[in-house]
Every structure is written in structure tokens, then in C-alpha cells.
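Chemist: fold the stuff below for me.
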Amino acid sequence: MFPARQPVDHSPALTSDGDVRTVVAQSVLDLTHQVFSASTLVQGVTPTLEYLVARTAAVGAAYIQVTGAQDQGYRVRATWGQVPRTPSVQDIVFQGLPLRTPMMRALEVSPGPLFFDDTTTPCETLGFRDVGIASLAAAPVRAQDDELLGAFLMYTSTPHVWTKEEAAVFSLVAGTIAGLAGRLAADEQASAAREAALRAMGLALEVRDGETKGHTDRVTALALRLARALCWSPSQTRALRWGAYLHDIGKIAIPDAVLLKRGPLDGAEWQVMRSHAGEGVRFAKALGFLPQTALDVVTDHHERWDGQGYPAGKAGQAISLAGRLFALCDVYDALTSERPYKVAWTSQAALAEIEAQAGRHFDPELTRLFLQVMGQDQSAAH
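Modeler: Numbering: from 1, shown residues only. As a prediction, this is how the structure comes out:
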């Protein structure tokens, strides 16, 4: 069950009292619900760490996870309770554990949790006593292909013999939540890869359309300020960010003669330029994974409150909230950026123009919020 080197058999199966399992099983259900309702991996695993410290002699607990680059090791994602203040531990918190740490190598081949009553002698716990961790329990977190993604750890600062009850708590709780954490970690890695790819698309467009260099990151930052002011959820904010990266992606279909023309566009050229909105929607939907808020940014950011925008001529609240919000950011950055056909406006002039367009180009309520947010930023700058 557990390695023979253990002085006590900590197997949960030997727990004589079923009450422990009953109580812990209910706790597992509660913790599982919190994992599924969490918007981030850290939010999902932190209640488990808190529970382990509350129900055992552990003075602290941590969740560590392999970094995206397989040669960089494991980094601490969440902690609860006491964290040793030694310089070595602080280095681990900020820099992580090396990939080939003996403990993590042991977990790679372990079918379940490992328990160490005294970290002084086992080779697997080499280095832990030096950083102030005297006893340790560790549970592996695996991907669906059984690859080790990370671990749940709980520890004490003085030697401690882990009891059967504590072993049952840790094995049931950490063992169950570890599987869910593995899925969250995999989802997080996939989301991070998508995020990087979407931003790269936006930046690639800037390489082609040199006049808007930096535009993608600037409008994204502006949009996120408004999202925070509106108290948007993390998932809504992420979708807004993804839409901001791709808002002008349809310009890849615009001929250079139109896109790069130095000077005003004539009527026919303007029609071609306007077609980028529809092309962008087609491209964004073809990706297949963008949430609706992201698609709304691409679809609606050129619509106007008075119905005189494009591509659909929507008016008022028929325009998505994300589209109305992003239109303010997009126009502000366009006004304050230098273009071949105009000089950059000052921030004050651009904000005055946006205020004048409230109820015509822009949602009046969102315009007031935008001006307030930008006013706060400018006050902070002074």
C-alpha cells in the first residue's frame, strides 16, 4: 500500500472507524463543488489546502504544478497556513522546484500519496528538513495520460507521525481533488496556449499594417479597465480580451492597395475596407472555440449607437455590450495614434470628441463610465 520504509502503515483502508470516512466523503463532495465552480485553478485548489490544515496536524499545505516548459521544474501555485521563512523556501515559492527533485521523481512512480514522518533520512525528502519541513505528505496530480503535473503537499515544522485518520483525510481529499486539479491544470494550459495564439494573430496583423503597431495591446488594456469597472467575471473578461486580440483580424483579407493607402479612401475603397468586419466574423467563428462575448467584439465594434455603423447597421442596445464597450476603446486609440493621413490627437482632445459623440456614435452610459475611468487614470498620472 505504502512503502515498507514507513514506521507505521498509514493506509486509509485500515481506519477502524467509518465515521472518519463518512465525514471526509461529505467534505470531498463540498470541495469538489468548489473546484467545479471556481473560475481559476488557484481558486479551485485553495479550499482543499485550507481543509487539510484544519483537519490534520499540518501547519501548512501547498499545491505545486509543472511549468509550461518541461525543463523548468515545478512552481508553487497556491499555499495555505504557515510557510517557512527560510531563504531557501522563499526561493522555492518564487522560482519553484527543479524538475528532478527526488520527491517529484518518487511521485512519478507512486500510485498514491506518500507519507514521511521524519524528513531527515529518506532520500525522497532530501532537502526538505533543511528548509524547515520536518514531516511531509505528498499526493500526485496527474494528467489524463498519467503524466505527473504536480502535487498536493502538507507538512509540519517538527517531526510528526501521521495518524491513520490524517492519512485517510489526505488520501481521500487530496486523491480525489488531485484528479480534478489535473483537469483544471490541463484546461489552464490549453487556455494559455489559445491566449498566446490569439494575441499572436493580432500582433501579426500589426506587422502587416505598420500604422497600428501597438494598437492591439493598447485597446486590450483599455477594454480590461472598463471590464474591471463593470465588475465583469474572469470568464467574461477573458472573452473580452480574446475578442480584443482579434477585433481587426478581418483586415488580413483587405488588399494592400487599400489597407496601406497613404491618404483618404474613395467610396469604392471604403466599401472594401468595411468588408473587414464581415471577414473578421467569418474568421473568428471558424476557430470554433471563441465564446460569444469574443465574437461580439469582432462583430459589433464598428456599429454605432445611432444605427449609422457597420456591418449590420444595428442601433442602441441591439448592439452587444461588448461591442459598445470596445468601440470606445478602439476609437480613442485611433484618435490618439498617428496615422499617414493625420497627426495624433491629444488625450484631452480625443476624450472631448468621445464625449461629444455620446448618444450618436457611443452608448451614453458607457461613455460616462469611459470618461470617468480615463479621468481617474489621468489624475493618477499627475
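
Chemist: for the stretch 251-382 of the chain, which spans come out with low pLDDT?
Modeler: 340-341, 376-382 (pLDDT under 70).

Chemist: number of nearby residues for the closest residue to residue 296 other than its chain neighbours?
Modeler: Counting by Cβ to Cβ, 6 or more residues apart in numbering, residue 296 lies nearest to residue 320, which is 3.6 Å off, once chain neighbours are set aside. C-beta coordinates here come from the backbone N, C-alpha and C atoms, glycine included. As a burial measure, residue 320 scores 20 neighbours (other Cβ atoms under 10 Å).

Chemist: cool, residue 191 as well?
Modeler: For residue 191, the count of nearby residues is 13 (other Cβ under 10 Å).

Chemist: now residue 297
Modeler: Other residues close to residue 297 by other Cβ under 10 Å number 30.

Chemist: before we move on, the earlier item: can you pull the contacts of the residue nearest to residue 296?
Modeler: Residues in contact with residue 320 (Cβ atoms under 8 Å, 6 or more residues apart in numbering) are 293, 296-297, 299-300.

Chemist: for it, give me phi and psi.
Modeler: Main-chain dihedrals, residue 320, degrees, to the nearest 10: phi -60, psi 150.

Chemist: narrow the contacts of residue 320 to those in strands?
Modeler: Using DSSP state E, no member of the contacts of residue 320 falls in strands.

Chemist: so which residues of the stretch 51-200 of the chain form helices?
Modeler: 87-95, 102-109, 164-208 (DSSP state H, counting those that start in this stretch).

Chemist: and these, which one's lowest on average pLDDT?
Modeler: Sorting the helices of the stretch 51-200 of the chain by mean pLDDT places helix 87-95 lowest, at a mean of 67.

Chemist: which residue packs closest to residue 350, ignoring adjacent ones?
Modeler: Distances taken as Cβ to Cβ, 6+ apart put residue 335 closest to residue 350, at 3.9 Å, once the chain neighbours are dropped.

Chemist: go ahead and confirm residue 198 touches residue 246.
Modeler: Yes: counting by Cβ atoms under 8 Å, residue 246 is a contact partner of residue 198 at 6.0 Å.

Chemist: and the gap between residue 110 and residue 128?
Modeler: To residue 128, residue 110 is 16 Å away according to Cβ to Cβ, to the nearest Å.

Chemist: let me see the contact set for the nearest residue to residue 294 once chain neighbours are set aside.
Modeler: Using Cβ to Cβ, 6+ apart and skipping residues adjacent in sequence, the residue nearest residue 294 is residue 243, 3.7 Å away. Contact analysis of residue 243 by Cβ under 8 Å, 6+ apart lists 284, 290, 293-298, 322, 326.

Chemist: any idea of the pLDDT on residue 243?
Modeler: 92.

Chemist: state whether it is indeed within a helix.
Modeler: Yes: counting by DSSP: H, G, I helix; E, B strand; the rest coil, residue 243 is found in a helix.

Chemist: distance check, it against residue 50.
Modeler: Distance from residue 243 to residue 50, counting by Cβ to Cβ: 35 Å.

Chemist: off-centre distance for the helix or strand where residue 324 lies?
Modeler: Assessed by DSSP states H and E, residue 324 sits inside helix 321-336. Using Cα atoms, centre = their mean, to the nearest Å, the mean C-alpha position of helix 321-336 is found 24 Å from that of the whole chain.

Chemist: mind giving me the domain split of this structure?
Modeler: Domain ranges of the chain: 12-188, 209-381, per automatic domain parsing.
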